[in-house]
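Student: Can you look at this prediction? I've put the sequence above it.
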Amino acid sequence: MHPTSSLKRIDQCLAVTGRALVAGAMILLALMTFLIALQVVSRNLFNTGLPWADELARFTGIASVFFAVPWLQHQGKHIAVDLLAARIPGRLGQAVNILNEAVVLGFCLLFLYSLWGFLERAYRFATPAMGMPNWIFYAPVVAGMLLCTLVTILRLILLIRTGGPTLSDTRPPAKGTPS
């Protein structure tokens, strides 16, 4: 088996996983919107707050962000300053792109290390309103950053081996081009 075919399968698997997480993030975003509206209505019309709705809205907001991160990284649509890299041609441009991905990987690893330290203390506690264990509350953060790290490692390998950050193209073909 050719190493590029293995990378292509991993790339496609990460792309599919990322799209599934983005779909979940959209559902969570809709739920968050509903919960916030419910909270506003209950406070203004019924003069009562719903602490569980606020906490669940916070959970859905956190989860929706971290579920979208791996897909954005896979597509190269994360926040990036590529003004310099986009203008440098050839091997030097590729080296700058590799350096950018290496910095992102460093950030992902530092984030996961810090998250581990935080969760070592926080896992023993639960959220105040719903009593949700913190390890569940922060599980989307862990999952999203682990996947983002894997995507970044793959992008780095592909940049080094092939000169491009991805093998799969998840965008629909342009009109008039065969698919």
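Tutor: Nice, thanks for sending it over. Residues are numbered from 1 along each chain as shown.

Student: Which pLDDT does the model give the most centrally placed residue in the chain?
Tutor: Nearest to the mean C-alpha position of the chain, by CA atoms, centre = their mean, lies Val69 at 1.7 Å. As predicted, Val69 sits at a pLDDT of 95.

Student: Can you tell me the element it falls in?
Tutor: helix 51-75 (DSSP states H and E).

Student: Can you point out the buried residues in that helix?
Tutor: Going by neighbour count (16 or more other CB atoms under 10 Å), the buried part of helix 51-75 is 52-57, 59-64, 66-75. No exception for glycine: its C-beta is placed from N, CA and C like everyone else's.

Student: Repeat that for stretch 27-43.
Tutor: Quick answer for stretch 27-43 (16+ other CB under 10 Å): 28-29, 31-32, 35, 39.

Student: can you check stretch 141-161 too?
Tutor: For stretch 141-161, by 16+ other CB under 10 Å, it's 141, 143-145, 147-152, 154-159.

Student: For the helix or strand containing Val104, which helices and strands make contact with it?
Tutor: Element membership of Val104 [criterion: DSSP H and E] is helix 90-122. Here helix 90-122 touches helix 83-87, helix 134-137, helix 139-162, going by 3 or more CB pairs under 8 Å, 6 or more residues apart in numbering; DSSP states H and E.

Student: Tell me which of the ones you listed lies nearest to Val104.
Tutor: helix 139-162 (5.1 Å; CB to CB).

Student: Can you get me the centre-to-centre distance for the closest one and its chain?
Tutor: Distance of helix 139-162 from the chain centroid (CA atoms, centre = their mean, to the nearest Å) equals 10 Å.

Student: Now do it: which elements does it pack against?
Tutor: Here helix 139-162 touches helix 3-46, helix 51-75, helix 90-122, going by 3+ CB pairs under 8 Å, 6+ apart.
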